[in-house]
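[1] My questions concern the predicted model and sequence given below.
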Amino acid sequence: MKKLLSFLIAATVGVAALAAYPEKPVTIVVPFPPGGSTDAIARVLQPKLQEKLGGTFVIENKAGATGTVGAAFVKRAAPDGYTLFVSSLGPFVIAPHLIKGVQYDALKDFDPISIAVQAPNVLVVPAASPHKNLGDLLAALKKAPGKVSFASSGNGSSDHLSAELLWQQSGTEGLHIPYKGGGPAINDLLGAQVDAAFVNINGIIQHIKAGKVRALGVASEKRNPLLPEVPTLAEQGVKGAEVQSWQAVAAPKGLPADIRKKLHEAIVATLNEPATKARLMEQGFEIVANTPEQFAAYQATEYARWKKLIETRKITAD
């Protein structure tokens, strides 16, 4: 009888705690500086989570070591629903293969909640480039291996890996020029100081529309609504080179199932609100809003994919 009474009391306390969630401020950790795509997604979610769940949600940017500093911080936090992690694919599936001594296990130390959005990388060249299509660029790569320059936002970035994947899948070789961030890389691309680059559609669409750069191909399975006239790489004969940059929400491992359900429902509802959805799609994002199980399965696939490419191409972070 005492055991039954204790169980009932514990269950009642647990339900009361859940019903009250969140009782204190929830920290949303973004592992990058303010202003990027990941930070933008966090700032879309933050006020809506407050509205739907009550309480206070606060964004904290913990940048450093390509997102791994913030990821390690989240890993160490209590799995009580009061620390959330909004990150791009980098810390989840790329950085663990590039940076020695990463202080977390990307596949085991987080509870996935949902991949919020994704957006493809686009292969672009300066407006004055002689390369009018992907065929022209591949011909130049084959004619002068290691001479055609590709800018990126840094070693091991998704734009760098996109170039490596293109070269691998097309049997060519270019010259990688890493920059300290996407801004400087795009500036030199606009100034025709480099020959080409893969850039996430969010960061390059305005320059494509303005005619400052030419899009040669989209690294996605289907054409993008913002660039319906631009064929995919696969349409042009280079298969297996699809690269989507994605932003997702997770929490420290051990998040109570009921709290995860509550968070997941609020996040999915937010992303599918007509006004929010339209605004994100105008920026080039595709709404994913998948389940925790789908997130985990996709992460495992991406983790293995990038591990193989990084090892095969002998890519390092330095």
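    Cool, got the structure.

[2] from here on, contacts and neighbour counts on C-alpha atoms
    Will do.

[3] How many neighbouring residues does residue 27 have?
    Per other CA atoms under 10 Å, the neighbour tally for residue 27 reads 19.

[4] Next, find the distance separating it from residue 272.
    With distances taken as CA to CA, to the nearest Å, residue 27 is found 23 Å from residue 272.

[5] Show me where the chain has its helices.
    Ranges of helices in the chain, per DSSP state H, are 2-20, 37-53, 68-76, 89, 95-98, 134-143, 158-170, 182-190, 201-209, 257-271, 274-282, 292-312.

[6] and the shortest one, what other elements does it pack with?
    In terms of contacts (3 or more CA pairs under 8 Å, 6 or more residues apart in numbering; DSSP states H and E), helix 89 is packed against strand 244-252.

[7] Put the alpha carbons of the strand it packs on into CSV.
    The C-alpha trace of strand 244-252 is given here as CSV (Å, rounded to 0.1, in the frame of the first residue of the first chain):
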residue,chain,number,x,y,z
GLN,A,244,21.4,20.6,-48.3
SER,A,245,22.3,22.8,-45.4
TRP,A,246,19.9,22.2,-42.6
GLN,A,247,19.0,23.7,-39.2
ALA,A,248,17.7,21.5,-36.4
VAL,A,249,16.5,21.6,-32.8
ALA,A,250,17.8,19.1,-30.2
ALA,A,251,18.4,18.9,-26.4
PRO,A,252,20.8,17.2,-24.0
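
[8] what lines up beside it in the sheet?
    Here strand 244-252 has these sheet partners by DSSP bridges: strand 83-88 (antiparallel), strand 110-126 (antiparallel).

[9] Specify the angle between the last one and helix 37-53 in degrees.
    Per axes from the mean of the first three to the mean of the last three CA atoms, to 10 degrees, the angle that strand 110-126 makes with helix 37-53 is 140 degrees.

[10] pLDDT on strand 110-126, on average?
    When pLDDT is averaged along strand 110-126, the result is 98.

[11] about what we covered before: I'd like the helices of the chain as a markdown table, with distance to residue 106 and mean pLDDT appended.
    Output for the helices of the chain, formatted as a markdown table (distance: least, CA to CA, whole Å; pLDDT from 0 to 100):
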| stretch | distance to residue 106 | mean pLDDT |
| --- | --- | --- |
| helix 2-20 | 27 | 47 |
| helix 37-53 | 17 | 96 |
| helix 68-76 | 8 | 97 |
| helix 89 | 10 | 96 |
| helix 95-98 | 7 | 95 |
| helix 134-143 | 35 | 98 |
| helix 158-170 | 17 | 96 |
| helix 182-190 | 24 | 93 |
| helix 201-209 | 26 | 94 |
| helix 257-271 | 18 | 98 |
| helix 274-282 | 27 | 94 |
| helix 292-312 | 9 | 97 |
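
[12] Select, out of the strands paired with strand 244-252, the one closest to residue 219.
    Each of those has some distance to residue 219 by CA to CA; the shortest is strand 110-126, at 5.5 Å.

[13] Could you export the closest one as PDB, CA atoms only?
    Provided in PDB are the C-alpha atoms of strand 110-126 (Å, rounded to 0.1, in the frame of the first residue of the first chain):
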ATOM      1  CA  PHE A 110      21.600  14.700 -27.900                       C
ATOM      2  CA  ASP A 111      17.900  14.000 -28.100                       C
ATOM      3  CA  PRO A 112      16.700  15.000 -31.500                       C
ATOM      4  CA  ILE A 113      13.500  17.000 -31.700                       C
ATOM      5  CA  SER A 114      13.100  18.100 -35.300                       C
ATOM      6  CA  ILE A 115      15.000  19.300 -38.400                       C
ATOM      7  CA  ALA A 116      13.300  22.600 -38.900                       C
ATOM      8  CA  VAL A 117      14.400  23.700 -42.400                       C
ATOM      9  CA  GLN A 118      16.800  22.900 -45.200                       C
ATOM     10  CA  ALA A 119      18.200  24.900 -48.100                       C
ATOM     11  CA  PRO A 120      20.400  23.800 -51.000                       C
ATOM     12  CA  ASN A 121      23.800  25.000 -52.000                       C
ATOM     13  CA  VAL A 122      24.100  26.600 -55.400                       C
ATOM     14  CA  LEU A 123      27.100  26.500 -57.800                       C
ATOM     15  CA  VAL A 124      27.800  30.000 -58.900                       C
ATOM     16  CA  VAL A 125      30.300  31.900 -61.000                       C
ATOM     17  CA  PRO A 126      31.000  35.600 -61.500                       C
END
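
[14] for it, which positions count as buried?
    Neighbour-count burial for strand 110-126 flags 110-126 (criterion: 16 or more other CA atoms under 10 Å).

[15] Could you do stretch 193-200 as well?
    Neighbour counts using 16+ other CA under 10 Å place 194-200 of stretch 193-200 among the buried residues.

[16] what mean pLDDT does that stretch have?
    Stretch 193-200 comes out with an average pLDDT of 97.

[17] thinking again about what came up before, distance to residue 296 added to the buried residues of stretch 193-200, as CSV?
    Listed next are the buried residues of stretch 193-200 as CSV, based on distance: CA to CA, whole Å:
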residue, distance to residue 296
194, 37
195, 37
196, 33
197, 30
198, 27
199, 26
200, 23
